[in-house]
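Colleague: Below are the sequence and a predicted model; questions follow.
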Amino acid sequence: MNHSTANVWMHIGAGSFHRAHQAWYLHRLLQQGDDRWHIALGNIRDDARTLLDNLTAQKGEYTLETVTPEGTRRYEKITSIKTILPWDPQLSALIDQGCDPATKVIAFTVTEGGYYLDTNHQLDPHHADIQADLSGDARTLYGALTRILKARMAQHGEPLTLLNCDNLRHNGERFRAGFLTFLALRGEPALLEWVKNHTTSPNTMVDRITPRPSADIAPRVLAETGFNDRAPVMGEAFIQWVIEDDFAAGRPALENVGVELVASVLPWEEAKIRILNASHSCIAWAGTLIGQTWIDESTRTPAIKEMAWEYITQDVIPSLTPSPLDLEAYRDVVLARFSNPYIQDTNQRVAADGLSKIPGFITPTLIECYQRGATPRATAVIPALFYLFLQRWHHGSLPYSWQDGMLDADALHRLLGAEDALARFAADTSLFGPLAQDAEFAALLQETVARLAQWAQQPLPVSE
């Protein structure tokens, strides 16, 4: 195939999730004989150089291992990534690819924290990375896209789609609002108008549990396929992708490979974020507190599974009813997926980025419970677990290093070291929005933290 005639789906964010999810769907199209699209993959930061080098050596090809809850493994060589964009401080390869008229979609997976949004879902202009990019740097997606799209506008100005593939509610809209704010603050009026008029940002919902690749994947891949893969990736067998069908310059025929193209992604997005993402974090923080390593062992611990089940059943399902989805069935499927012992997903991976997950995944349910006159006892468990988790971090007693895109370590240590640390935590508007001024919520959180602190002292047996 002559790649120069293909449309290009440029992807920013070379992590495992993209390679197990979006790249898999485009690979399925190639398998069907539809070779009109391929992927060009790059990264904003220089933290994936080894992976990109390994993919370059393998001509973009790698093996995806999937595993069912019953332990059935499948191996598939993914071939949709045809161009690897090497990193340099100027992001020159990203800029060149983004300027190519064949590039019709720029998609990205930069994690929830990579959008730098406050609790009102607006860009936080005070964050050090955003400040740097407002001064011309390109540490964030916004700074990188400014360079790429400025060059594209100057060269030919062909329209394109900017596609958010992260776990962020209303992800297309919120990315777009953040980006337009960034361009206004940076004094880029011409680019601001061009982005408004020549790009779209559909909302999407993405789902496939994809742990960080562990050392035992490559030997299995070699044994099963004979391919000595230096960039394998693994994920669960389950996969889902729902996209609002609003592309500015055409799109792959994704409906032919099981993607749901819809007018509004909202019901799927709300169910995914509140039922799957929020309970995932609940399990990871709770499991960490009682000395567990793996998501599946924590999910099979009765007290922890009950926390997640009651949060969904008591507080989330009433908040999301009526829904076109069967929410009880979705809850049961999600908890079964988390129990999959073959995924080997770690509490460490899922525990990351809590400072953006609390306002994004948890606080809306807290607020809606109070609005309908219910006390969100089951939901309050999740920020209470996070507070106890943060106290362990503050005292240096977490069993692993904790990563959070929104972390200001000095400020957080000061808060957690204060005599009234829990009161300050409850009053943090960046986490709890309007509830930060609510005495009833503060009292509920205090009572919940006290109860869970006693529970977390004693590791519990795992039920099989």
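Modeller: Perfect, thanks for sending it.
Colleague: Show me where this structure has its strands.
Modeller: Ranges of strands within the chain are 7-12, 37-42, 62-67, 73-78, 81-84, 103-108, 160-164, 199-200, 204-207, 233-236, 240-244, 260-262, based on DSSP state E.
Colleague: okay if I get those strands as CSV plus mean neighbour count?
Modeller: Every residue, glycine included, has its C-beta placed from N, CA and C. Shown next, in CSV, are those (neighbours: other C-beta atoms under 10 Å):
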stretch, mean neighbour count
strand 7-12, 23
strand 37-42, 24
strand 62-67, 22
strand 73-78, 16
strand 81-84, 22
strand 103-108, 22
strand 160-164, 23
strand 199-200, 18
strand 204-207, 22
strand 233-236, 24
strand 240-244, 20
strand 260-262, 16
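Colleague: Residue 189: which of these is closest?
Modeller: The closest of the strands of the chain to residue 189 is strand 199-200. By C-beta to C-beta, the value is 15.8 Å.
Colleague: Packing partners of the closest one?
Modeller: Packing partners of strand 199-200 (3 or more C-beta pairs under 8 Å, 6 or more residues apart in numbering; DSSP states H and E): strand 160-164.
Colleague: mean confidence for the strand it packs on?
Modeller: Here strand 160-164 scores 98 as its mean pLDDT.
Colleague: Give me the angle between it and strand 103-108.
Modeller: Interaxial angle of strand 160-164 relative to strand 103-108 (axes from the mean of the first three to the mean of the last three C-alpha atoms, to 10 degrees): 20 degrees.
Colleague: who does strand 160-164 touch, helix- and strand-wise?
Modeller: Checked by 3+ C-beta pairs under 8 Å, 6+ apart, strand 160-164 has strand 103-108, helix 171-186, strand 199-200 packed alongside it.
Colleague: now do 10 Å
Modeller: For strand 160-164, the helices and strands in contact under the criterion 3 or more C-beta pairs under 10 Å, 6 or more residues apart in numbering; DSSP states H and E are strand 7-12, strand 103-108, helix 141-155, helix 171-186, strand 199-200, strand 204-207.
Colleague: tell me the mean pLDDT over the second one?
Modeller: Per-residue pLDDT values over strand 103-108 give a mean of 98.
Colleague: I'd like the helices and strands packed on strand 160-164 as TSV, with distance to residue 334 appended.
Modeller: Shown next, in TSV, are the helices and strands packed on strand 160-164 (distance: least, C-beta to C-beta, whole Å):
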stretch	distance to residue 334
strand 7-12	26
strand 103-108	25
helix 141-155	28
helix 171-186	19
strand 199-200	30
strand 204-207	9
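Colleague: before we move on, back to that, who wins for proximity to residue 56 among the strands of the chain?
Modeller: Closest to residue 56 of the strands of the chain is strand 81-84 (C-beta to C-beta; 4.6 Å).
Colleague: and that closest one, what other elements does it pack with?
Modeller: Checked by 3+ C-beta pairs under 10 Å, 6+ apart, strand 81-84 has strand 7-12, helix 22-31, strand 37-42, helix 49-57, helix 92-99 packed alongside it.
Colleague: Of all those, which one is nearest residue 208?
Modeller: Across the helices and strands packed on strand 81-84, residue 208 has its closest neighbour in helix 22-31 (8.1 Å, C-beta to C-beta).
Colleague: Neighbours of the closest residue to residue 323 other than its chain neighbours, how many?
Modeller: Leaving aside its sequence neighbours, residue 323 sits nearest to residue 267 (C-beta to C-beta, 6 or more residues apart in numbering; 5.4 Å). By other C-beta atoms under 10 Å, the residues close to residue 267 number 17.
Colleague: what's near enough to touch residue 267?
Modeller: Residues near residue 267 by C-beta atoms under 10 Å, 6 or more residues apart in numbering: 205, 242, 320, 322, 323, 324, 325, 327.
Colleague: nearest to residue 246, of the helices and strands packed on strand 160-164?
Modeller: Set against residue 246 and scored by C-beta to C-beta, these come closest in strand 199-200, at 5.0 Å.
Colleague: who does that closest one pair up with?
Modeller: Strand 199-200 pairs in its sheet with strand 160-164 (parallel), by DSSP bridges.
Colleague: mind saving the C-alpha coords of the partner strand as PDB?
Modeller: Provided in PDB are the C-alpha atoms of strand 160-164 (Å, rounded to 0.1, in the frame of the first residue of the first chain):
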ATOM      1  CA  LEU A 160      -9.400  18.500  10.800                       C
ATOM      2  CA  THR A 161     -10.900  16.800  13.900                       C
ATOM      3  CA  LEU A 162      -9.300  17.100  17.300                       C
ATOM      4  CA  LEU A 163     -10.400  13.900  19.100                       C
ATOM      5  CA  ASN A 164     -10.100  13.400  22.900                       C
END
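Colleague: now the angle from it to helix 92-99?
Modeller: Angle, strand 160-164 to helix 92-99, by the same axes, to 10 degrees: 120 degrees.
Colleague: just to revisit the earlier point, let's have the strands of the chain in a markdown table, adding distance to residue 448.
Modeller: Shown next, in a markdown table, are the strands of the chain (distance: least, C-beta to C-beta, whole Å):
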| stretch | distance to residue 448 |
| --- | --- |
| strand 7-12 | 39 |
| strand 37-42 | 43 |
| strand 62-67 | 35 |
| strand 73-78 | 40 |
| strand 81-84 | 45 |
| strand 103-108 | 36 |
| strand 160-164 | 33 |
| strand 199-200 | 42 |
| strand 204-207 | 29 |
| strand 233-236 | 31 |
| strand 240-244 | 32 |
| strand 260-262 | 37 |
